[in-house]
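# this one's structure only:
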């Protein structure tokens, strides 16, 4: 019985790792598609979104079957519950990658847009999100609490970058009314990346829950109340 449980847990872990790698690739490809106005790469991201969705459903089903069949307790139950939520958050991040790729496909980007994106620090925004996603993955693999918690500070960087970009886009739209649609679309990219950061925070919280049984679900709300 123990051997069966161990095998099932390893299968779930392997599937989540594969899902994580797939979503990371999707987001990185969306990043490169934006920077290079690469519609072919954007098309690839959109096409692979179906795989992300199908994988999420399979992992959900496998975890639910594991819980129903083996009635896990203690750390095994925490692992199953954490992987279930991690899987759902990864799928949402994949959705954002898909949306960004669709922006590239429907928008005729010009060479001067690269200058605008650079001024908005879109490189820093994408790089921070990807670094957070990679750090959280490493924290799970190494079961490293400190590494998982380090992600929360990086999320604060995303908040600042997002707000600065929105302010800069408002100024640019005022000075270049012909770019208003592009500015609105670009603001949407920054919001999606900021939301991806929130979901990565969730990944870190679930990793910490699995490792140490510490619940951080309403961490931000509690911090805001303490500082009020």
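All right, it came through fine. Values in this document were obtained by computation on a predicted structure and should not be read as measured data.
# after the longest helix anywhere in the chain, next one along is what?
Secondary structure of the chain per DSSP state H: the longest helix is helix 2-36. Following helix 2-36 in sequence order, the next helix or strand is helix 39-70 (DSSP states H and E).
# could I get the average pLDDT for the next helix or strand along the chain from that following helix?
Using DSSP H and E, the helix or strand that follows helix 39-70 towards the C-terminus is helix 74-106. For helix 74-106, mean pLDDT rounds to 96.
# next one: whatever helix or strand comes next after helix 74-106 to chain centre, how far?
Proceeding C-terminally, helix 74-106 gives way to helix 111-119 as the next helix or strand, assigned by DSSP H and E. Computed by C-alpha atoms, centre = their mean, to the nearest Å, the chain-centroid distance of helix 111-119 equals 24 Å.
# before we move on, what about stretch 56-74?
23 Å.
# what residues sit buried inside it?
56, 59, 62, 63, 66, 70, 72 (16 or more other C-beta atoms under 10 Å). Just so you know, the C-beta spots here come from the backbone N, C-alpha and C atoms, and that holds for glycine as well.
# repeat for stretch 121-129
Per 16+ other C-beta under 10 Å, stretch 121-129 contains these buried residues: 121, 122, 124, 125, 126, 128, 129.
# check the gap between residue 170 and residue 81 for me.
Here residue 170 is placed at a distance of 42 Å from residue 81 (C-beta to C-beta, to the nearest Å).
# then residue 135?
22 Å.
# again with residue 154
Going from residue 154 to residue 81 by C-beta to C-beta gives 25 Å.
# before we move on, back to that, tell me the two of the buried residues of stretch 121-129 that are most distant?
121 and 129 (12.4 Å; C-beta to C-beta).
# just name the shakiest helix or strand of this structure by mean pLDDT.
One helix or strand of the chain scores below all others by mean pLDDT, DSSP states H and E: helix 219-227, with a mean of 47.
# looking at residue 170 and residue 81, which is more packed in?
A direct count of neighbours by other C-beta atoms under 10 Å for residue 170 and residue 81 places residue 81 higher, at 16 against 12.
# could you list every residue that touches that one?
By C-beta atoms under 8 Å, 6 or more residues apart in numbering, residue 81 lies in contact with residue 209.
# now do residue 60
84, 87, 88.
# tell me, how many residues neighbour the second one?
Each residue near residue 87 was counted by other C-beta under 10 Å, and the total is 24.
# can I assume it is in contact with residue 57?
No. If you go by C-beta atoms under 8 Å, residue 87 and residue 57 don't touch, sitting 9.5 Å apart.
# so where's the chain shaky on pLDDT?
Low-confidence segments of the chain, defined by pLDDT under 70: 1, 216-228.
# name the nearest residue to residue 90, ignoring sequence neighbours.
residue 23 (4.8 Å; C-beta to C-beta, 6 or more residues apart in numbering).
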